[in-house]
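Engineer: Dropping the sequence and predicted coords here.
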Number of protein chains: 4
Amino acid sequence: MKDLKNIVVEQLKERGVNFSKLADVLYDLQIKYNPNIDHEYCLEMIYAVLDKREVQFAILTGINLDKLAEKNMLDEPLNKIVNEDFSLYGIDEILALSIVNVYGSIGLTNFGYLDKAKTGVIKEIDIAGKDAKVCNTFLDDIAGAIIAAAASRMAHSYYDNNK
Amino acid sequence: MKDLKNIVVEQLKERGVNFSKLADVLYDLQIKYNPNIDHEYCLEMIYAVLDKREVQFAILTGINLDKLAEKNMLDEPLNKIVNEDFSLYGIDEILALSIVNVYGSIGLTNFGYLDKAKTGVIKEIDIAGKDAKVCNTFLDDIAGAIIAAAASRMAHSYYDNNK
Amino acid sequence: MKDLKNIVVEQLKERGVNFSKLADVLYDLQIKYNPNIDHEYCLEMIYAVLDKREVQFAILTGINLDKLAEKNMLDEPLNKIVNEDFSLYGIDEILALSIVNVYGSIGLTNFGYLDKAKTGVIKEIDIAGKDAKVCNTFLDDIAGAIIAAAASRMAHSYYDNNK
Amino acid sequence: MKDLKNIVVEQLKERGVNFSKLADVLYDLQIKYNPNIDHEYCLEMIYAVLDKREVQFAILTGINLDKLAEKNMLDEPLNKIVNEDFSLYGIDEILALSIVNVYGSIGLTNFGYLDKAKTGVIKEIDIAGKDAKVCNTFLDDIAGAIIAAAASRMAHSYYDNNK
């Protein structure tokens, strides 16, 4: 599992995901609920989400689909659908949901919010994907889902330590 | 089914849900994607979501749980959890997800966004629920899910008519 | 949380759920994949599933709906729908899914299988619910979901210890 | 949409899915609930499930992942995981769930049952996938999900016509 986590971290970084920026978005989402958090703790929570096998598999699969779409190696019409981030595709949301679900349904709303509001690094990943050579269709949902799952984990942990 | 739909509409209205205001939020969400929509069409889409049996059952169940919590008729500690809209409860999101899912996963992000941003009538329902005598724990998620499902239905329909 | 777990265990027992029999079904499901398991380990896994807050809330909510339906305290037509275990209701499956999801999607198939095949104690709970005075509409799905989640937890744990 | 449906049907057939055999499994699942169904009606229901865009996208994505795994064109370790149908992967169940969900949560149990019991053509697809040159990791779940969704659609339709 340690190995698989390392591979996932490496692949996310290769695809341009900046973990420190993920932690920034998490911090902005959660500081109003928990005034004691800092950047370091947020970063720790982001990495902790990647411990779960289900999360690792969803990320590996989504990133691979993005990469294959970039290289035109998916069958048509799927390649075009993924490459253009067709709004009705929906499978990117499905994969992201499987990441969020592992930490309970309260992550759902943070995921939806991030995907729609596209704050911080989510916006950057989305914009990078507009380049004709880059496909981030799955990656922006994955990034949002990791943050949302970390927020959920943090909320549960905060409650457990303060009741 | 017609009957069940009528019952659902009636119960939503009794609980203070203003359908015209649901349509307003839907309009604001979708006008940037589809400049031809108007209030009447949005209202029609909101009602159309309530045709689905799965949606009807989720709404009836959620509203009933809110009403029972108001009357202290749930067993403790559940009554307190629902009545206070405990943030880690999550079952309200689960029920709402079953409404959204019927129209595909793209409704997911709109639901999450509405639940977090609490625009328009969602905010009103949420605030009304802060009154000690009122429990809208399920209702605000239900309202958001109806709008999100309608947005999803509208997006699919727009595409079908414009390709 | 310890307290909430105790409450959940107590409520399940009050509703007639025999934990030893849950462990029996789990054993029968998993013995072919992992020949080293015994009844005690299965029982331990069943109890471990109940540690998760999301699982606890789903169980408390489902059991409460069953009890209210028995006492005719839900609004009609919901009371009749729940009391008769109307096959198209679906909210019992939704709640159960939220239990299963916490341990990843592989629990999904075991849940579906148990709900359909109704082996062992699942059948007993289902039959008990046919009595006019008893409503086990949510309980049989909850019991199946607990076993399925435990099977999923066991499978992940087995892999981690044997790779 | 018509075109996309045709493409999906064609791809399923190319991968060895026999629609008549899907209808056989559906018939066996549903005949006890609805004695008036016949093979032709079951076949019609199977095809009707493929009308939904969400279903089409899930199928296209899953089949493509199977094909890429066969050709060793996924990145490692994902290629090995998909090719060997690693039991803890779970993303195949996630995609299948998105097919089932479109027709409501009652399809869930049929899907789980079929995936576990592997009756009829599901078993054939699974066995075909054991060949070193063939990967049906997603395909057997897709086939089960199509049948389960059709069963769900049939149950809703039966109720509507007989109340």
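Structural biologist: Nice, thanks for sending it over.

Engineer: which residues does residue A:150 contact?
Structural biologist: Each residue near residue A:150 by Cβ atoms under 8 Å, 6 or more residues apart in numbering or on different chains is listed here: A:22, A:26, A:42, A:45-46, A:48-49. The C-beta positions use only the backbone N, C-alpha and C, and glycine is treated the same way.

Engineer: For burial, what's the neighbour tally of residue A:162?
Structural biologist: Burial of residue A:162 is recorded as 8 neighbouring residues (other Cβ atoms under 10 Å in any protein chain shown).

Engineer: And residue A:14, by the same measure?
Structural biologist: Residues near residue A:14, counting by other Cβ under 10 Å, number 10.

Engineer: so where's chain A uncertain?
Structural biologist: Residue ranges of chain A with pLDDT under 70: A:1-2, A:163.

Engineer: Look through it and state the residue closest to chain B.
Structural biologist: The nearest approach of chain A to chain B comes at residue A:112, 1.3 Å away (Cβ to the nearest Cβ).

Engineer: Surely that residue is in contact with residue B:105?
Structural biologist: No - using Cβ atoms under 8 Å, residue A:112 is not in contact with residue B:105; the gap is 10.7 Å.

Engineer: Next up, identify which helix or strand residue A:158 is on.
Structural biologist: Assigned by DSSP states H and E, residue A:158 falls within helix A:137-162.

Engineer: May I see the buried residues of that helix?
Structural biologist: In terms of neighbour count (16 or more other Cβ atoms under 10 Å in any protein chain shown), helix A:137-162 has its buried residues at A:137-156, A:158.

Engineer: okay, which residue is most central for chain A?
Structural biologist: When Cα atoms, centre = their mean is applied to chain A, the residue found nearest the centroid is residue A:143 (2.1 Å).

Engineer: What count of nearby residues applies to residue A:130?
Structural biologist: Residues contacting residue A:130 under the criterion other Cβ under 10 Å number 9.

Engineer: same deal with the one 4 residues further on?
Structural biologist: By other Cβ under 10 Å, 18 other residues sit near residue A:134.

Engineer: Could I get the full set of helices for chain A?
Structural biologist: Here chain A has its helices, by DSSP state H, at A:2-14, A:19-30, A:39-49, A:53-70, A:78-83, A:91-101, A:107-117, A:121-128, A:137-162.

Engineer: Nearest to residue B:89 among the ones you listed would be which one?
Structural biologist: Distance to residue B:89, taken as Cβ to Cβ, is lowest for helix A:137-162 among the helices of chain A, at 11.2 Å.

Engineer: Quick one: distance of the closest one to the chain centre.
Structural biologist: Relative to its parent chain, helix A:137-162 has a centroid offset of 9 Å by Cα atoms, centre = their mean, to the nearest Å.

Engineer: and the angle for it with helix C:53-70?
Structural biologist: Per axes from the mean of the first three to the mean of the last three Cα atoms, to 10 degrees, the angle that helix A:137-162 makes with helix C:53-70 is 80 degrees.

Engineer: Around chain B, which positions in chain A sit nearby?
Structural biologist: The interface of chain A toward chain B, taken as Cβ under 8 Å from any Cβ of the partner chain, is made up of A:33, A:87-88, A:90-91, A:93-94, A:97, A:104-106, A:108-117, A:155-156, A:159.

Engineer: thinking residue A:75 is in contact with residue D:62, fair?
Structural biologist: No - applying Cβ under 8 Å as the test, residue A:75 and residue D:62 come out as separate, 11.9 Å apart.

Engineer: Compare the two (neighbour count), which wins?
Structural biologist: Counted by other Cβ under 10 Å, residue A:75 and residue D:62 do not tie: residue D:62 has more neighbours, with 27 against 14.

Engineer: circling back to that earlier point, reformat the helices of chain A into CSV and put distance to residue D:10 next to each item.
Structural biologist: CSV is the format used below for the helices of chain A (distance: least, Cβ to Cβ, whole Å):
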stretch, distance to residue D:10
helix A:2-14, 33
helix A:19-30, 41
helix A:39-49, 39
helix A:53-70, 21
helix A:78-83, 13
helix A:91-101, 20
helix A:107-117, 33
helix A:121-128, 33
helix A:137-162, 24
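
Engineer: Quick one, which of these gets closest to residue B:70.
Structural biologist: helix A:107-117 (23.3 Å).

Engineer: circling back: between residue A:112 and residue B:105, who's got more neighbours?
Structural biologist: Neighbour count, other Cβ under 10 Å: between residue A:112 and residue B:105, residue A:112 has more, with 31 against 26.

Engineer: which one is the more buried one nearest to, not counting chain neighbours?
Structural biologist: Leaving out its chain neighbours, the residue that sits closest to residue A:112 by Cβ to Cβ, 6 or more residues apart in numbering or on different chains is residue B:112, at 1.3 Å.

Engineer: Same check on residue A:124?
Structural biologist: With sequence-adjacent residues excluded and distances taken as Cβ to Cβ, 6+ apart, residue A:124 is closest to residue A:21, at 7.4 Å.

Engineer: The one you found contacts residue A:123, doesn't it?
Structural biologist: No - the pair residue A:21 / residue A:123 is not scored as a contact, 10.4 Å apart, by Cβ under 8 Å.

Engineer: For the two, indicate the residue with more neighbours.
Structural biologist: Under the criterion of other Cβ under 10 Å, the comparison of residue A:21 against residue A:123 puts residue A:21 first, with 17 against 14.

Engineer: which ones are touching the more buried one?
Structural biologist: A:120-121, A:124.

Engineer: Give me the buried subset of these.
Structural biologist: Of the contacts of residue A:21, these count as buried by 16+ other Cβ under 10 Å: A:120-121, A:124.

Engineer: near chain D, which residues of chain A?
Structural biologist: Counting by Cβ under 8 Å from any Cβ, chain A comes close to chain D at A:4, A:7, A:11, A:53-54, A:57-58, A:60-61, A:64-65, A:67-68, A:73-75, A:77-78, A:81, A:88-91, A:94-95, A:97-98.
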